[in-house]
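# Have a look at this prediction, sequence included:
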Amino acid sequence: MNDVVVDKILRVIKKNKNKNVYDDGELTYTYGELDVFSDIIWQYIDSQKGNSNYIAAIGNNDFYSLCVLTACIKSGYIFVPIDSKNSDERIQNIIDDIKPKVIIRGSKCKEVGNSILFEDIINRNCISNTLTRKKNKYMYVIYTSGTTGIPKGVPISYSNIISFTSWFFHEKFNIYENERILLQASFSFDLSVMSWLTVLWLGKTLVAIPTEITTNYKKLRHWFNTVKFDLFISTPSFAYLVYISTNFNSYNYPWIKKFIFCGEEFNIKFAQKLITNFKNSKIFNTYGPTECTVAIIGTQITESLLKMDKLPIGEKRENIELIVGAENELQIVGDMVFDGYLNRKEETAKSFIEINAKKAYKTGDKVRILDNGYIFFDGRNDNQIKKNGYRIELEEVECIIKKIPEILNVVVLPIKNKANKIVGLSAFIVLEKQVSIDSSELLSKMQDILPLYMIPNKIHIIDEIPLTNNKKINRKLLELMN
Ligand code: AMP
């Protein structure tokens, strides 16, 4: 399986030497440059001591992360992207879990432990003619939110990848016709795989929007007015941000021929606006957890689907078994399902169920499958949420906040807008006895230990956590205070 993937990608790199593989609107790099830089990184990795199979890349959606990824594909090491915007503690948790052979970071990233700057590797010029290649089952590990307060690693194998490509590249999406593919997400989110794998598999160009631009409306508008691409892959939240920041229609952006959304609910009202504004573009909704390799189902959103009260997340398909279990939970059997979390036997055991002697992954997502094959998402059966595309276990945020010595107890709830979309987090906090601290001090302590997207927008200091008659947290009552 490794050879199929590696040979395919290496052939694409060699064949497209002079073509751009990466373009962020300011800097462009060719496949030839990717080939050289990834070889240098491979040489550096090879020259280092240690038996670990993991290489960590701290960054966002930058070119050097693509170089480290390519070096890992060539050398057989397992690529572990870590978002530089994570708190130091979260980065350390991941490093402790994988104990990487090498940690590589970009010049804009803060210094971490034994990490080395990408630029320093490239300038070292350590040439070796005898590069060794490992054969690992896994291609990458992506960390997701964990209820225990520590992120959990999802290893994706080469065989998972083959299974994903044989569906995604041969489905109705007709990806072959596209040339320039948007990379919105950081490499540490599996949505990015949809973009980078398409590019490396088919010899296309990755058009990466620098993360600092995505938080500044003016810069975002400028970037969209100057950089062209034909396949828009993103979360619906990001597309909505572009929609409200620009005059987003096919007259102003005629080059956008297709949208593929994944990762969170695609609101029907927004879909209506996009279909009206981009009459000749195709729009798809896809669905999948990181644990099942990016996306497992998808469907084109057409005018006729807009008549329903919500949009389907996909359609039934071959080569994957979709079972609706107790409480309508979607359970998945097939080659795209991962083997289990890294170093987490207990959590792995909890996330699988045996059905007809086959291992089925319990998604925690409630779904309905209609007779016509359309599948609908009806929310979660636990406290996992999606905020602007970020997957968050509310228990993880609570566990981290509880580490603040002044805090005795905390419950975190999502804040929803009128359209029922999660737009923020609220923390209900009970302080330790005789402690006096205000919300702004608490917030600054939280900012030190939480990743940016987990920081609560509202803090309520309360005397005690309300309980229901059977002594569970009364979330409904807290919601009323939200
Ligand atoms: P992640 O592992 O970050 O990709 O998150 C996976 C979770 O995101 C799924 O289990 C769902 O809860 C949610 N999700 C993914 N795609 C969709 C979609 N198209 N519509 C609604 N929820 C989605």
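Looks like it arrived, so ask away. Numbers count the residues shown, from 1 in each chain.

# Quick one: name the residues of this structure near the ligand.
Contact residues, the chain versus the ligand (CB under 6 Å from any ligand atom): 144, 190, 262-266, 285, 287, 289-290, 313, 363, 365, 377, 380, 386, 391. (C-beta placed from N, C-alpha, C; glycine too.)

# These, buried ones only, as a PyMOL selection?
Selection of buried members from the residues of the chain next to the ligand for PyMOL, criterion 16 or more other CB atoms under 10 Å:
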select buried, resi 144+190+262+263+264+265+266+285+287+289+290+313+363+365+377+386+391
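
# Strands along the stretch 1-150 of the chain, start to end?
Secondary structure of the stretch 1-150 of the chain (DSSP state E, counting those that start in this stretch): strands at 20-23, 28-30, 54-59, 78-83, 102-105, 116-117, 138-144.

# Redo those strands as TSV? Include mean pLDDT.
Formatted as TSV, the strands of the stretch 1-150 of the chain follow (pLDDT from 0 to 100):
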stretch	mean pLDDT
strand 20-23	98
strand 28-30	98
strand 54-59	97
strand 78-83	97
strand 102-105	96
strand 116-117	94
strand 138-144	98
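
# Now tabulate the ones you listed in a markdown table and tack on distance to residue 257.
Listed next are the strands of the stretch 1-150 of the chain as a markdown table, based on distance: least, CB to CB, whole Å:
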| stretch | distance to residue 257 |
| --- | --- |
| strand 20-23 | 17 |
| strand 28-30 | 21 |
| strand 54-59 | 29 |
| strand 78-83 | 28 |
| strand 102-105 | 35 |
| strand 116-117 | 38 |
| strand 138-144 | 28 |
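
# Report how many residues lie close to the closest residue to residue 77 other than its chain neighbours.
Of all residues not flanking residue 77 in the chain, residue 55 sits nearest, at 4.6 Å (CB to CB, 6 or more residues apart in numbering). Neighbourhood size, residue 55 [other CB atoms under 10 Å]: 27.

# Show me what residue 55 is bridged to.
As for beta bridges, residue 55 partners with residue 79, residue 102 under DSSP bridges.

# Distance check, it against residue 38.
Residue 55 sits 11 Å away from residue 38, going by CB to CB, to the nearest Å.

# anything in contact with each of these two?
68, 71 (CB atoms under 8 Å, 6 or more residues apart in numbering).

# ok, now which ones touch the spatially closest residue to residue 374 that is not a sequence neighbour?
Spatial nearest neighbour of residue 374, chain neighbours left out: residue 312 (4.0 Å); criterion: CB to CB, 6+ apart. Residues near residue 312 by CB under 8 Å, 6+ apart: 285, 299, 305, 374, 375, 376.

# And for residue 243?
Contact analysis of residue 243 by CB under 8 Å, 6+ apart lists 270, 273, 274.

# Which element, helix or strand, includes the first one?
I take that to be residue 270. helix 268-277 (DSSP states H and E).

# Other residues contacting that helix?
236, 239-240, 243, 248-250, 259, 283, 285, 301, 303, 305-306, 308-311, 419.

# So for that helix, what gets flagged as buried?
Using 16+ other CB under 10 Å as the test for burial, helix 268-277 gives 268, 270, 271, 274, 275, 277.

# cool, and stretch 374-389?
374, 375, 376, 377, 383, 384, 385, 386, 387, 388, 389.

# can you redo those residues as CSV with pLDDT, secondary structure and distance to residue 468?
Rendered in CSV, the data for those read as follows (pLDDT from 0 to 100; DSSP: H, G, I helix; E, B strand; the rest coil; distance: CB to CB, whole Å):
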residue, pLDDT, secondary structure, distance to residue 468
374, 97, strand, 36
375, 98, strand, 33
376, 98, strand, 30
377, 97, strand, 27
383, 93, coil, 15
384, 95, strand, 21
385, 96, strand, 21
386, 95, strand, 26
387, 94, strand, 26
388, 89, coil, 30
389, 90, coil, 32
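
# any idea which of those is closest to the ligand?
residue 377 (4.1 Å; CB to the nearest ligand atom).

# give me the beta-bridge partners of that closest one?
Bridge pairing for residue 377 - DSSP bridges - gives residue 367.

# which helices and strands does the helix ranked longest in the chain pack with?
For the chain, the helix with the greatest residue count under DSSP state H is helix 31-47. Helices and strands touching helix 31-47, as assessed by 3 or more CB pairs under 8 Å, 6 or more residues apart in numbering; DSSP states H and E, comprise helix 2-15, strand 20-23, helix 63-75, strand 102-105, helix 118-124.

# List the buried residues of the helix or strand residue 441 falls within.
Using DSSP H and E, residue 441 falls within helix 439-449. If you call a residue buried by 16+ other CB under 10 Å, then helix 439-449 has these buried ones: 442, 445, 446, 449.

# Apart from its chain neighbours, what residue comes closest to the first one?
By that I understand residue 442. Nearest non-adjacent residue to residue 442 (CB to CB, 6+ apart): residue 459, at 5.7 Å.

# To what extent is residue 50 buried, counted in neighbours?
Residues lying near residue 50 (other CB under 10 Å) number 11.

# give the contact list for the residue lying closest to it once chain neighbours are set aside.
Counting by CB to CB, 6+ apart, residue 50 lies nearest to residue 101, which is 4.5 Å off, once chain neighbours are set aside. When contacts are counted by CB under 8 Å, 6+ apart, residue 101 touches 45, 48, 50, 51, 52, 53, 54, 55, 77.

# ok, so of these, who is nearest the ligand?
Closest approach between these and the ligand, by CB to the nearest ligand atom: residue 54, at 20.1 Å.

# you'd agree that closest one is up against residue 80?
Yes - with contact defined as CB atoms under 8 Å, residue 54 reaches residue 80; the gap is 5.2 Å.

# neighbour-wise, which of those two wins?
residue 80 (29 against 26).

# do you know how far that one is from the ligand?
16 Å (CB to the nearest ligand atom, to the nearest Å).

# Thanks a lot, catch you later.
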